[in-house]
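Asks: please find the sequence and the predicted model below.
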Amino acid sequence: MAIAIKVNPEISEPKEEKPIQATRTLNIRKTLDGSLIIFDHSDIDVVISPKKNNITAFAKNETGDHIYATMSRLFDFLTRKGVIELGSVRSGNVFSSLEGAIPQNDTLDPIQVAILAIDNFNQEEKPFYDKSDEFDDDLEEKLLEPDEEASTEFGEIPHQPRKGTINTYPGATATYTHWGIFR
């Protein structure tokens, strides 16, 4: 018994190569199922799933309002740029995650557009996170290595034999009255 196979002429004809329009360097990995995980943001990881046609954002190390705000800004950005379908953003099935659907397009590769848009979002967020890291580093340096005005050497402050209201040196006595007052 013979099997008839039809070959679609659009698929069998070689497609013309399109010129490269943009080149970016990302910290990205491909999973076994073909999903792409982008690790460039300091608070969230972004997963692009070509099989499901969606983008999911996960918290990196911690959860909280600031992480949700970052994910919300990401999906607002992607929606404004047309990378995510309007009204498709929802909570993911993993705690503290958001996801949105990628619309299909015949002329552009939606996965490449999504990668480019996510990198653009990361580039917009980078100055804020750089300043935040710089502030944290400065604060840590001020606490661990204070300058001359904010520090004192040992022995510079004279110690008194009695400080405060509680008598702790030897020979101190206190009497208690029925009103609860020490004399």
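Replies: Here it is on my side, so go on.

Asks: use CA for all of it now, contacts and neighbours both
Replies: Fine.

Asks: over to residue 55: give its phi and psi.
Replies: Main-chain torsions, residue 55, degrees, to the nearest 10: phi -120, psi 130.

Asks: for it, which non-adjacent residue is closest in space?
Replies: residue 48 (4.6 Å; Cα to Cα, 6 or more residues apart in numbering).

Asks: pretty sure the one you found belongs to a helix, no?
Replies: No. Per DSSP: H, G, I helix; E, B strand; the rest coil, residue 48 lies outside any helix segment and is strand.

Asks: show me the contacts for it.
Replies: Residue 48 is in contact with 35-37, 54-56, 111, 114, counting by Cα atoms under 8 Å, 6 or more residues apart in numbering.

Asks: how about the most centrally placed residue in the chain, phi and psi?
Replies: Closest to where the C-alpha atoms of the chain average out (Cα atoms, centre = their mean) is residue 43, at 1.3 Å. Main-chain dihedrals, residue 43, degrees, to the nearest 10: phi -110, psi -30.

Asks: that older thread, what's the distance between the residue nearest to residue 55 and residue 30?
Replies: 10 Å (Cα to Cα, to the nearest Å).

Asks: what's the answer for residue 93, then?
Replies: According to Cα to Cα, residue 93 and residue 30 sit 21 Å apart.

Asks: what's the answer for residue 116, then?
Replies: Applying Cα to Cα, the value for residue 116 to residue 30 is 16 Å.

Asks: the chain: helices as residue ranges?
Replies: 9-12, 65-80, 110-144 (DSSP state H).

Asks: rank the ones you listed by pLDDT, which is bottom?
Replies: If the helices of the chain are sorted by mean pLDDT, helix 9-12 sits at the bottom with a mean of 54.
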